[in-house]
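Student: One predicted model, sequence on top.
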Amino acid sequence: MGERSKLLFDRATRCIPGGVNSPVRAGKAVGIDPPFIARADGALLWDADGNEYIDYVCSWGPMILGHSHTEVVQALEESLRLGTSYGAPTEREVEMAETIVEVVPSIEMVRMVNSGTEATMSAIRLARGYTGREKIVKFDGCYHGHADSLLVSAGSGVATLGIPGSPGVPQDLARQTISLPFNDLEPVGKAFQKFGPEIAAVIVEPIPGNMGVIVPQQEFLDGLSQITREHGSLLIFDEVITGFRVAPGGAQELFGIMPDLTCLGKIIGGGLPVGAYGGKKDIMSKMAPEGDIYQAGTLSGNPLAMAAGLATLRILKKGDIYKELEDKASMLFLGLEEAARAAGIPSVINRIGSMGTLFFRADPVTDFETARASDQDLFKGYYKRMLEQGIYLAPSPFEATFVSTAHTQEMIRKTIKCAENALQDL
Ligand code: KE4
């Protein structure tokens, strides 16, 4: 790591826990001190020491059009001059809501919030209020943000840091959350046999990105839809990553499933803080002030976030960039797979569209158990050698690699070459 980043990290650790505002950024799992990023443009980042990187984190998903996209910057510049926050309804919020309702198949009504955590936390409260039930079913390795009820057997940073759950979550609350293996309907059936009338909702990342990317079995998702319907529970799709990522209408468009509620975030804010939850009108209308289930937010629907989000969604909803993303991501991951094979390193690729993960494991990775069985030490060595060559990956084997429209074929070829170097060296 360069001198400026090192100095900044030393300062940061004195006044910010772990020196970061989100744990996974600290790079603990891969044994590095994080480079401090100074600027970004397109698919590139530069750190405080001027080192250039090709960015496959994409701010953990939002930057599907790359950094500083012309139309996003222009929309923000125009919006800035009109004020930054009013705390009052605006036309842009209506346009954002109409866009989400138009594009996401199951959403008839939607509420904007300021993060994915707020979106899932609110959806859980709504499901509990709507059904009058308290239990929640989630899946091992899925991460839905850090709301108390959802920090049980979670993925992403919780898995990265090997935190069993989290101190501070009341046991009485944690007991209301049942966490089961992903891609396996049998335990779900048993849970509903035992607790059916108590289960408010099943929440799932339809294509998990927080244990690395896992490809869902169609019958698993179909089964969740059927069993929740049979038992009067709600099905919540957490599409904070997959919304507008794998298709304009997200995973529910790809897999033809109509969840009762959907959580969104990341991409819909175009890089500004945003989240959203939406679904059927008869459910959403239970939210205050129309109904009596409460959720609120000072900066919800913030004009700048709406401007950046709308500029992004206007491009995405046309749908013509997904073929380009598919081709670029396919080129990248086929190259990474070939590089691992040439180095004699067992690997498996899980990818849907422009989100994917290279696991160092010979056998398929279909759930959290098999994801955790991948070679994390090998990942650590791979990660460091890629970073040294200017390839910026998520510092955890339990995250997704994202491709944006700003990644060029030349950048992808360079990335594959760097992977060949890194893997030969391991
Ligand atoms: P935020 O509260 O971080 O905006 O969103 C929480 C969330 C909810 N649902 C899913 C499927 C998510 O992936 C996330 C957040 N993702 C992580 C990384 N995969 C954010 C990165 C971080 O925690 O620093």
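Tutor: Perfect, I can see it now. Residues are numbered from 1 along each chain as shown.
Student: For the stretch 151-300 of the chain, what lies in contact range of the ligand?
Tutor: Selection of the stretch 151-300 of the chain residues close to the ligand by C-beta under 6 Å from any ligand atom yields 156-157, 205, 209-210, 238, 240-241, 265, 275. Every residue, glycine included, has its C-beta placed from N, CA and C.
Student: So for these, which is the shakiest by pLDDT?
Tutor: Taken together, these show their lowest pLDDT at Gly157, with 77.
Student: Now do the contacts for that one.
Tutor: If you count contacts by C-beta atoms under 8 Å, 6 or more residues apart in numbering, Gly157 has them with 22-24, 143, 396.
Student: can you tell me which two in the residues of the stretch 151-300 of the chain next to the ligand are farthest apart?
Tutor: Farthest pair in these (C-beta to C-beta) is Gly157 and Gly275. Separation: 17.3 Å.
Student: so is the residue sitting nearest the centre point of the chain in a helix, a strand, or just coil?
Tutor: Central residue of the chain (C-alpha atoms, centre = their mean): Ile241, 3.2 Å from the mean position. Assigned with DSSP: H, G, I helix; E, B strand; the rest coil, Ile241 falls in the coil class.
Student: Apart from its neighbours in sequence, what residue is nearest it?
Tutor: In space, Ile241 comes closest to Gly209 once its chain neighbours are excluded; the distance is 4.3 Å by C-beta to C-beta, 6 or more residues apart in numbering.
Student: Give me the neighbour count for that neighbour.
Tutor: When neighbours are counted by other C-beta atoms under 10 Å, Gly209 registers 30.
Student: Now for the residue nearest to Glu219 when sequence neighbours are not counted, how many residues are close by?
Tutor: Counting by C-beta to C-beta, 6+ apart, Leu185 is the residue found nearest to Glu219 once chain neighbours are left out, at 7.2 Å. For Leu185, the count of nearby residues is 18 (other C-beta under 10 Å).
Student: Which stretches in the chain count as strands?
Tutor: 37-41, 44-47, 52-55, 109-113, 135-139, 177-180, 199-204, 234-238, 261-265, 275-279, 348-352, 355-359, 391-392, 401-402 (DSSP state E).
Student: quick one: contacts of the second one?
Tutor: Which is strand 44-47. 2, 4-5, 35-40, 52-55, 67, 392.
Student: where do the helices sit along the stretch 1-150 of the chain?
Tutor: 3-15, 70-80, 91-103, 116-131 (DSSP state H, counting those that start in this stretch).
Student: Report all helices and strands that the longest one contacts.
Tutor: Of the remaining helices and strands, those touching helix 116-131 by 3 or more C-beta pairs under 8 Å, 6 or more residues apart in numbering; DSSP states H and E are strand 109-113, strand 135-139, strand 199-204, strand 234-238, strand 261-265, strand 275-279, helix 281-284.
Student: One more pass at 7 Å, please.
Tutor: Contact analysis of helix 116-131 by 3 or more C-beta pairs under 7 Å, 6 or more residues apart in numbering; DSSP states H and E lists strand 199-204, strand 234-238, strand 261-265, strand 275-279 as its packing neighbours.
Student: who touches it?
Tutor: Identification of contacts with helix 116-131 by C-beta atoms under 7 Å, 6 or more residues apart in numbering yields 113, 134, 136, 144-147, 149-150, 200-201, 203, 232-234, 236, 238, 240, 261, 263-266, 275-277, 283, 286-287, 293, 295, 297.
Student: Would you check how far apart the closest residue to the ligand within the chain and Val213 are?
Tutor: Nearest residue of the chain to the ligand: Gly116, at 2.3 Å (C-beta to the nearest ligand atom). As defined by C-beta to C-beta, to the nearest Å, Gly116 lies at a distance of 17 Å from Val213.
Student: cool, and Asp292?
Tutor: Counting by C-beta to C-beta, the gap from Asp292 to Val213 is 39 Å.
Student: Next: Ala342.
Tutor: For Ala342, the distance to Val213 - C-beta to C-beta - is 23 Å.
Student: gap between the two ends of stretch 83-98?
Tutor: 23 Å (C-alpha to C-alpha, to the nearest Å).
Student: Off-centre distance for it?
Tutor: Remark: stretch 83-98 is offset 24 Å from the chain centroid, using C-alpha atoms, centre = their mean, to the nearest Å.
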